[in-house]
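**Q** Coordinates only, no sequence provided:
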C-alpha cells in the first residue's frame, strides 16, 4: 500500500471514529435532557460559552439535537468578556457567525474587581464565579431566556461532590437541573452524562478554536485538582468506577444516611419500613462480581 492510500485509510478511520463519538455524545445529552426535562416546548436556551472544550461541545451538540428534537426551542450563545489581559475577543464572535448562531457578548471588567479584592497569590475562582453568575442571570432575564445551559460534565459533578464532602462537610453535589436562589432562573447541565475524556476527543475532532483558561494568571483551584487526580487514579485502577459513583448520585436512600432534616429518624416507630421492600437494613449489600465496575452506564432517549 502506497503512502497516499495509507493516508486516505487513516483519514477514513478517523472520520468513522469521530462520527461514532458524536453519536454517543448526542445520545448521552439527549438522555440527560429527557430524564430531567431540561428543555421543553418553546424554551429559549442561553448557552454559556467560555471558549473551552466543554462549552463548545455543549453548543455543538445542542445545535445537532435541535434539528431532530420532538419539541421546538431556540438557542442563543452567551459569552462574558471579563477583560482579562490577552483575551482574544474576536474568536468567539467569528466562530458563532460561521455557525449561524445568534449570540450576545457582555463586556464587564470583573477582572479588575477580582484583582482589587483578592490578595496576590490567592485563588480568584470563587469570587470570579459569583460575579459571573450574577451577570449571567441578569443577561438571561434581559434576553428573555427560559433556561441557562452550562457546560459542566459528569466528572465536574463528581468532583464537586467530593469537594463538599472533604472540605465542606456536606453531602452536596452539582445537580443536572436547578432553580436559582431567587426562583427566577432554571439552570441546566445537559452534559451530565458525558465524561471529560470524550469531550477532549470531541474537541480535537471538531477543531474548536479553544481559548486558554489561564488568561487571568490566577492559581488553579488546587483542592479541585487534588480531587480530580484522585478520581483519575481510581478510574485507572478500577475502570468503570466513575460511572458507578455517578449512578450512586441517582440512587439515594435517605433512611440510610444520617440527616434528621431529610428523614424522620426521631419519629421512627416499630414496623416502619425504612423504604419499600421491608427491613433489609442489616443485610449485607451484594458486591459486584469481578469486573462489575466495568458495566456501562444505561442511557435512555426520551
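**A** Looks like it came in fine. Just so you know, these numbers come straight off a predicted model, no measurement behind them.

**Q** nearest residue to residue 200 other than its sequence neighbours?
**A** residue 53 (6.3 Å; Cβ to Cβ, 6 or more residues apart in numbering). Where C-beta positions appear, they are placed from N, C-alpha and C, glycine not excepted.

**Q** Now the phi/psi pair for the one you found, please.
**A** When read as degrees, to the nearest 10, the backbone of residue 53 gives phi -60, psi -40.

**Q** so where's the protein uncertain?
**A** Filtered on pLDDT under 70, the chain yields the residue ranges 1, 121-127, 214-221, 272-302.

**Q** What is the distance between the top strand by length along it and the centre of its chain?
**A** Looking across the chain with DSSP state E, the single longest strand is strand 73-81. Put simply, strand 73-81 sits 16 Å off its chain's centre (Cα atoms, centre = their mean, to the nearest Å).

**Q** Just the buried positions in it, please.
**A** 73, 75-81 (16 or more other Cβ atoms under 10 Å).

**Q** can you check stretch 179-194 too?
**A** Under 16+ other Cβ under 10 Å, the buried positions of stretch 179-194 are 185-194.

**Q** What is the burial count for the residue nearest to residue 200?
**A** 21 (other Cβ atoms under 10 Å).

**Q** That one against residue 210, yeah?
**A** Yes. Contact criterion Cβ atoms under 8 Å: residue 53 and residue 210 qualify, at 6.2 Å.

**Q** Common neighbours of these two, please.
**A** Counting by Cβ atoms under 8 Å, 6 or more residues apart in numbering, the shared contacts of residue 53 and residue 210 are residue 203.

**Q** which helices and strands does the longest strand of the chain pack with?
**A** In terms of contacts (3 or more Cβ pairs under 8 Å, 6 or more residues apart in numbering; DSSP states H and E), strand 73-81 is packed against strand 43-48, helix 53-66, helix 91-99, strand 103-107, helix 125-143.

**Q** tilt between the shortest one and strand 43-48?
**A** Same thing as strand 103-107. Between strand 103-107 and strand 43-48, the angle comes out at 50 degrees (axes from the mean of the first three to the mean of the last three Cα atoms, to 10 degrees).

**Q** List the strands paired with strand 103-107, with their directions.
**A** strand 73-81 (parallel) (DSSP bridges).

**Q** Can you say which of the helices and strands packed on strand 73-81 is nearest to residue 227?
**A** helix 125-143 (14.1 Å; Cβ to Cβ).

**Q** Please identify the buried residues of the closest one?
**A** For helix 125-143, using 16+ other Cβ under 10 Å, the buried residues are 125, 128, 131-133, 136-137, 139-140.

**Q** Any figure for the gap between the spatially most central residue of the chain and residue 262?
**A** With distances taken as Cα atoms, centre = their mean, the residue of the chain nearest its centroid is residue 152 (1.8 Å). Note on residue 152: its distance to residue 262, by Cβ to Cβ, to the nearest Å, is 24 Å.

**Q** Likewise for residue 2?
**A** 67 Å.

**Q** of the two, who's got more company?
**A** residue 262 (12 against 7).
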